[in-house]
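1. sequence and computational prediction follow.
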Amino acid sequence: EGVLQAILLFWLIWWAWTQFTWTLNPADTTHRAVRIVTLVATATAFVMATAVPGAFGDDGLWFAIPYVVVRVLGLGLQVRVDSEIEASDRSGLRRWVALSSVGLALVLVGAVASPDLRPFVWGLAIVADVFAAARAGSRETWELDPAHLAERHGLIVIIALGESVIVAGAGVVGEPRSPELIAAVGGALVVACLLWWTYFGWLKDALEHAFAAADPRRYGMLARDVYSLTHFPLIGG
């Protein structure tokens, strides 16, 4: 049950994060309005994060309302940035915004539902998110910079690996030293280093180069499948 709840919450938080990678990809991040919206979303996400431990209990709304605010800020900024791109095909973005509202509504419904029903309602919200991405990312051309998208996801991999090292270190604190403990912590660090070596030794560059060499009309589909979707189990693992 705990693993299922963690996956559901991780998806929602991941989806908000990956939406901002799409939003800020073609944006002028030196623009004052872009910076203000990003900082407001960050502060709101902080409130959301404090409610994560109790999201399936009494803090459902404390998690859901800030989450929806973050998503709406991202969607609004995405529409604004897209409107300033010349010759942009906005049909995909309009479809994305409209369909995303279904998932956001389900997140709010789940927050006021009983704790027993909440995982199922939030599971439906995830299905709605995937459906929105499938409909919006398949046909239309999206303005995306492959190098920027690869860099953002590389940074989140660094964060995930760093958290793994922190967990390994925290497990040692207060425990009596023993060969078994040192071996376990050493093994955890070796695995983290090997994961770092695998991703940054070849995978990150291979994905970026293949993405950049693809037909721009496939950018939306590739960014969705390779980064937004496939990186979810990679980071979760």
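-> In hand now; what should we look at?

2. contact partners of stretch 44-63?
-> With contact meaning C-beta atoms under 8 Å, 6 or more residues apart in numbering, stretch 44-63 is reached by 5, 9, 13, 16, 64, 66-67, 69-70, 73, 110-112, 115, 118-119. In this view, the C-beta of every residue, glycine as well, is placed from N, C-alpha and C.

3. separate out the buried members of those residues.
-> In the contacts of stretch 44-63, burial by neighbour count holds for 9, 13, 16, 64, 66-67, 69-70, 73, 110-111, 118-119, counting by 16 or more other C-beta atoms under 10 Å.

4. narrow those residues to those in helices?
-> 9, 13, 16, 64, 66-67, 69-70, 73, 110-111, 118-119 (DSSP state H).

5. of all those, which comes closest to residue 147?
-> residue 16 (22.8 Å; C-beta to C-beta).

6. go ahead and confirm that closest one touches residue 72.
-> No. The pair residue 16 and residue 72 fails to qualify as a contact (C-beta atoms under 8 Å) at a distance of 10.3 Å.

7. need the contact partners of the host helix or strand of residue 205.
-> If you go by DSSP states H and E, residue 205 is part of helix 204-213. For helix 204-213, the external contacting residues (C-beta under 8 Å, 6+ apart) are 146, 147, 149, 150, 153, 154, 157, 219, 222, 223, 226, 227.

8. how about these in JSON lines, adding distance to residue 188?
-> Output for those, formatted as JSON lines (distance: C-beta to C-beta, whole Å):
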{"residue": "146", "distance to residue 188": "33"}
{"residue": "147", "distance to residue 188": "32"}
{"residue": "149", "distance to residue 188": "30"}
{"residue": "150", "distance to residue 188": "27"}
{"residue": "153", "distance to residue 188": "23"}
{"residue": "154", "distance to residue 188": "22"}
{"residue": "157", "distance to residue 188": "17"}
{"residue": "219", "distance to residue 188": "37"}
{"residue": "222", "distance to residue 188": "33"}
{"residue": "223", "distance to residue 188": "32"}
{"residue": "226", "distance to residue 188": "28"}
{"residue": "227", "distance to residue 188": "27"}
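
9. only the buried subset of these, as a PyMOL command please.
-> To isolate the buried ones among those in PyMOL, judged by 16+ other C-beta under 10 Å, type:
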select buried, resi 146+149+150+153+154+157+219+222+223+226+227
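
10. so which of the contacts of helix 204-213 belong to strands?
-> Applying DSSP state E to the contacts of helix 204-213, no entry is found in strands.

11. farthest-separated two in the contacts of helix 204-213?
-> 157 and 219 (20.9 Å).

12. circling back to that earlier point, of all the contacts of helix 204-213, which comes closest to residue 200?
-> Checking these against residue 200 with C-beta to C-beta, the nearest one is residue 154 at 7.0 Å.

13. residues near the residue nearest to the closest one when sequence neighbours are not counted, how many?
-> Sequence neighbours aside, residue 204 is the residue nearest to residue 154 in space, at 5.2 Å (criterion: C-beta to C-beta, 6 or more residues apart in numbering). Residue 204: 16 surrounding residues under other C-beta atoms under 10 Å.
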